[in-house]
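J.: let's see this in three dimensions:
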Amino acid sequence: MEENLIQNAIRQALNCNWNEAIKINLKILESKRDDIDTLNRLAHAYFANGNVSKAKKTSQLVLKIDSYNNIAIKSLAKFRQVRKNVMTLKDHHPYTSTFIEESGKTKLTTLVNLGSEKIYTCLSAGDEVLLTPHVHKISVTTLNGDYIGKLTDDLSARLRLLIKAGNRYTVFVKSATKNCVRIFIKGDVVSFSREISETLGEFSS
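T.: Got it, this is the predicted structure:
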């Protein structure tokens, strides 16, 4: 029966049913309170469901059991980084007023080289995502580090220089469907020419 619960917990997570994943993992812990694999799954489910505080506490519990657990160490670092920027993932569904176009400061773009469909089809309009600069590109990931896709080469080249200069950008999902993910990039300084900045009227469509 326990094996069935574990497989069900994994299946719910793969389907982005985080509430169910949390319930099942908690059920498993009723009989195995110190099960590290279950605790790590629970931490991830809490995080994905928007409860960064519980995710952090769960990873800390793992480290009390196994201070060298690599998954918990990486997860905790990730959770702490997120809390520097936002109070909770539940705040990552901004009101429509957030998506107001500012000439030169906003950009609506389509990602290329998409990653796993299971990852990006779980995204919703308004979810915050992250820009991750590399040497020759900028990838876009979820807040828990899952790869979604990357910016086009020309946009990557522009933003890598601006980010290196200290500029920061907030990024939200506009839409996520099969084979197409669009994001909205917003900065505090002029970063895009008016010609390539797309209108955000599409957010109401």
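J.: now do the helices in this structure.
T.: For the chain, the helices defined by DSSP state H occupy 2-14, 18-29, 36-48, 52-65, 70-85, 117-120, 153-164.
J.: what's the shortest one packed up against?
T.: Of the remaining helices and strands, those touching helix 117-120 by 3 or more C-beta pairs under 8 Å, 6 or more residues apart in numbering; DSSP states H and E are strand 147-150. C-betas here are computed from N, CA, C, even on glycine.
J.: what's in contact with the strand it packs on?
T.: Outside strand 147-150, the residues within contact range by C-beta atoms under 8 Å, 6 or more residues apart in numbering are 111-116, 119-120, 123, 129, 137-142, 156, 181.
J.: how is the protein carved up into domains?
T.: The record's domain parsing of the chain by automatic domain parsing lists 2-90, 93-204.
J.: quickly, which of these bottoms out on average pLDDT?
T.: Of all these, mean pLDDT reaches its minimum on domain 93-204 (a mean of 80).
J.: starting at the chain centroid, how far to that one?
T.: 12 Å (C-alpha atoms, centre = their mean, to the nearest Å).
J.: mean neighbour count added to the helices of the chain, as CSV?
T.: What follows is those, written out as CSV (neighbours: other C-beta atoms under 10 Å):
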stretch, mean neighbour count
helix 2-14, 15
helix 18-29, 18
helix 36-48, 22
helix 52-65, 19
helix 70-85, 16
helix 117-120, 16
helix 153-164, 15
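J.: quick one: closest of those to Pro133.
T.: helix 153-164 (5.2 Å; C-beta to C-beta).
J.: what distance do you get for Gly149 to Asn179?
T.: 10 Å (C-beta to C-beta, to the nearest Å).
J.: tabulate the helices of the chain (JSON lines), appending distance to Lys186.
T.: Formatted as JSON lines, the helices of the chain follow (distance: least, C-beta to C-beta, whole Å):
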{"stretch": "helix 2-14", "distance to Lys186": "30"}
{"stretch": "helix 18-29", "distance to Lys186": "27"}
{"stretch": "helix 36-48", "distance to Lys186": "23"}
{"stretch": "helix 52-65", "distance to Lys186": "22"}
{"stretch": "helix 70-85", "distance to Lys186": "14"}
{"stretch": "helix 117-120", "distance to Lys186": "20"}
{"stretch": "helix 153-164", "distance to Lys186": "12"}
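J.: alright, calling it a day.
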